[in-house]
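Q: Pasted the sequence and its predicted model underneath.
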Amino acid sequence: MPSAVGYQPTLSTEMGSLQERITSTKKGSITSIQAVYVPADDLTEPAPATTFAHLDATTVLSRGLASKGIYPAVDPLDSTSTMLQPRIVGNEHSETAQRVKQTLQRYKELQDIIAILGLDELSEEDRLTVARARKIERFLSQPFLWQKFLPVLRESMLVLQKLLGDFN
């Protein structure tokens, strides 16, 4: 019986059967939160890839972000959600999320160049991309002492429209 990287050949079928049981019915619904071990952080491994195919949303924690001191270390490039569609969240929200991902992806592509040559060797456009990406990373992170800012945050809650505008 053939197998994929040491996994049983029935992995996909068995995973599909299990995930189909976690569904909404007329009598109610089940919310499932699943923790998936990803060997060597390889999201293309058969077990995680098969599991992720059945999920509505995935939150991927990144060792790289954690090593940079960014917490929560949620990787916005690898994390997904089927809810992030224009018909659900609106066109502006969806388009902004896509632009944010594009900016972070370009920043990721520039990492080696920055490490070898430095920021000065980048084009003006790439330097702007790096600056935006770093702001986005800080925005998506939670400062260690965030509790001391809580009263200020409560007083100045931003509307979603303003928040989305900050990324444009």
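A: Looks like it came in fine.

Q: Please, where are all the helices along this protein?
A: Ranges of helices in the chain, per DSSP state H, are 11-21, 46-52, 63-67, 86-89, 91-117, 124-140, 150-155, 160-165.

Q: and among those helices, the most buried is which?
A: Using mean count of other C-beta atoms under 10 Å, the stretch among the helices of the chain with the largest mean neighbour count is helix 46-52, at a mean of 18. C-beta: built from backbone N, CA, C; applies to glycine.

Q: Could you tell me the model confidence score at residue 149?
A: As predicted, residue 149 sits at a pLDDT of 58.

Q: which residues of the protein score low on pLDDT?
A: Where the chain drops to pLDDT under 70, the residues are 1-5, 143-168.

Q: repeat that for 80
A: 1-7, 23-24, 142-168 (pLDDT under 80).

Q: Distance of residue 92 relative to residue 81?
A: 17 Å (C-beta to C-beta, to the nearest Å).

Q: if we can go back for a sec, now tabulate the helices of the chain in CSV and tack on distance to residue 29.
A: Compiled in CSV, the helices of the chain are given as follows (distance: least, C-beta to C-beta, whole Å):
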stretch, distance to residue 29
helix 11-21, 12
helix 46-52, 20
helix 63-67, 32
helix 86-89, 17
helix 91-117, 25
helix 124-140, 29
helix 150-155, 32
helix 160-165, 26
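
Q: which one of those lies closest to residue 73?
A: Closest approach to residue 73 among those (C-beta to C-beta): helix 63-67, 4.0 Å.

Q: Once you drop chain neighbours, what's closest to residue 141?
A: Of all residues not flanking residue 141 in the chain, residue 70 sits nearest, at 4.5 Å (C-beta to C-beta, 6 or more residues apart in numbering).

Q: Contacts only, for the one you found.
A: Residues near residue 70 by C-beta atoms under 8 Å, 6 or more residues apart in numbering: 137, 140-141.
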